[in-house]
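**Q** The following comprises the amino acid sequence and a computationally predicted model.
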Amino acid sequence: MKTLSLVIDPKIKPIFLRIASAIRQAIKSGQLKANESLPSARKLAEQLSTNRHTNMAAYQELIAQGWVESFERKGYRVASCLPVESSLNLSLAKKDAPQKFQWQINAKVPVVVPTKLAHEYKYNFTGGIPDISVFPFKEFKSYLADSLSRPDLQDLSYGNIEGNNNFIQQVKVYLRRIRSITNKEIIAVNGSQEALYIISQLLLKPGDKVLVESLGYKPAWNAFKSTGATLIGIKQHQKGIDVEHLIQLIKTQKIRLIYLTPLHQYPTTVTLPINERIAIYALAAKHNIVIVEDDYDHEFHYDSQPLAPMAADDPLGLVIYLSTFSKIMFPGCRIGFIAVDKSLAPSIINYRSIMNHKPNVLMQDAIARWMQDGAFERHLRKMTKLYQQRRDYLLVLLNKYKDQGIALDYYLPAGGMALWLDVKNEAHKLECYCKEHDVFVLAESHFHLELSNDQDRFIRLGFASMDNEKVRDGLKIMFKYLSEKTPLNS
Ligand SMILES: Cc1ncc(COP(=O)(O)O)c(C=O)c1O
């Protein structure tokens, strides 16, 4: 039996793994061939000045990995079929050079063109982004630490799939107190997008018709479209959706679901008046249509208390209400919830278990402790005040530019985190100019269901995530372009 020339790496610990690694290398390098006999543990001990038992442990490790086989009374041999060689043989057996595996994708996946991300721009006017830099991380850390030091062991295991009990309880109390929603089951989700996907899968089938705001939220549309449903746009005017058009659509076509953002219409932030909500609800009830109400930034309403959601007055249980912590905290927390009629809740919970055993209960538990303590509502009051100040500062700047003769207009949003600004024309060119100058802003073309409706006039200006100085400097760049387009004092 030949004496092995083993390359020992002293960094590998413990010793038996060091020896196993050296023998494996000897096999891989071809020094040892398949089926070749290996020195006994005792022989190896003489050669390496190691303990016989250590060498036996090394051989056991190699046997477990498939590199070595042991035979009674014959000792150890290199395995006849080596782990690496078996897969190599597979490809080498083919005459042709091995091809990269070709994936067959069945699902329709929205095409995302990788470009520079919004937050990589110096000035980021994306609408709907909270100012994460002022989130009270230190305060929140103490609630997270509390969740970890007094963990609910049952909850952290499998089971209890609707979400953390305490979180659900806190959300229930909060919804009753602040949003007047009662009589609904709460289900915790990993953000509203998960909710939109589950609802789509449960309620829609190919060919079903879904009414959406013709200027709207594409991620929701993508979830609906993934089921083969057809989307129909409800026309919009300056004051929100055109309810007459919606009524017309419902009366003339079989509609399965209506998706709305009534409190702060996305992307225009206009609030749907109460009488129009009532009219839509009555019609949906008459025609057996589900309403999905997406209330993504409820708290940030400035000129009055936020209106109660449609889900607050839903005696028939046809409104599915969605909300998120992405704006209250930060999008990366991935926490949201669905409030639905009791009859639908089990299907939603059970469907979710196909994609995920349960949502992130640790984060929910920390949020529940934060809510219970009252610190959550203090944070909301502080952020609402801050965003109101930022909105008002933006208005001061815009009015100043307007006074200088630059053609612009806006519909004052009573709430939300963005402003829908009418720059009269060339919105798309303005977007391109801004991006070239490190300013991120989106023109209306990004929000249309049908691009043929693009008037190339509006941009969405988010005002929540940047401080006043940054907003001022970013606008300066934007308005340099606009002032060149509109001669001053013309
Ligand atoms: C209309 C709308 N719905 C929902 C969300 C939040 O989604 P998520 O909870 O998945 O972060 C957003 C965020 O931009 C939104 O604009």
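**A** Thanks, I have the structure now.

**Q** got the residues of this protein near the ligand?
**A** With the criterion set to C-beta under 6 Å from any ligand atom, the chain comes near the ligand through 128, 191-193, 217, 261, 266, 294, 296, 324, 326, 331, 336. (Each C-beta comes from the backbone N, C-alpha and C, glycine too.)

**Q** Throw those into CSV and include pLDDT, thanks.
**A** Putting the residues of the chain next to the ligand into CSV (pLDDT from 0 to 100) gives the following:
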residue, pLDDT
Gly128, 86
Gly191, 96
Ser192, 97
Gln193, 97
Tyr217, 97
Thr261, 97
Tyr266, 96
Asp294, 98
Tyr296, 95
Thr324, 97
Ser326, 97
Pro331, 96
Gly336, 97
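
**Q** Distance from the helix or strand harbouring Lys251 to the middle of the chain?
**A** Per DSSP states H and E, Lys251 falls inside helix 243-252. In terms of C-alpha atoms, centre = their mean, to the nearest Å, the centre of helix 243-252 is set 33 Å apart from its chain centre.

**Q** as a whole number, average confidence for that helix?
**A** Helix 243-252 shows a mean pLDDT of 95.

**Q** quick one on the thing from earlier: so which of the residues of the chain next to the ligand are in helices?
**A** Members of the residues of the chain next to the ligand lying in helices (criterion: DSSP state H): 192-193.

**Q** Return a ChimeraX selection command for the buried portion of the residues of the chain next to the ligand.
**A** The following ChimeraX line selects those of the residues of the chain next to the ligand that are buried, judged by 16 or more other C-beta atoms under 10 Å:
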select :128,191,192,193,217,261,266,294,296,324,326,336
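
**Q** got the residues of the chain next to the ligand as TSV, with distance to Phe224 columns?
**A** Shown next, in TSV, are the residues of the chain next to the ligand (distance: C-beta to C-beta, whole Å):
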residue	distance to Phe224
Gly128	20
Gly191	17
Ser192	13
Gln193	12
Tyr217	11
Thr261	14
Tyr266	15
Asp294	12
Tyr296	16
Thr324	18
Ser326	20
Pro331	21
Gly336	17
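
**Q** For Leu398, state which of the residues of the chain next to the ligand is nearest.
**A** The closest of the residues of the chain next to the ligand to Leu398 turns out to be Gly128 (C-beta to C-beta; 18.8 Å).

**Q** Quick check: pLDDT value at the residue nearest to that closest one when sequence neighbours are not counted.
**A** Leaving aside its chain neighbours, Gly128 sits nearest to Met417 (5.2 Å; criterion: C-beta to C-beta, 6 or more residues apart in numbering). Looking at Met417, its pLDDT stands at 96.

**Q** burial of Met417, as a residue count?
**A** 25 (other C-beta atoms under 10 Å).

**Q** quick one: contacts for it?
**A** Counting by C-beta atoms under 8 Å, 6 or more residues apart in numbering, Met417 touches 127-130, 269, 297, 300, 327, 387, 462-465.
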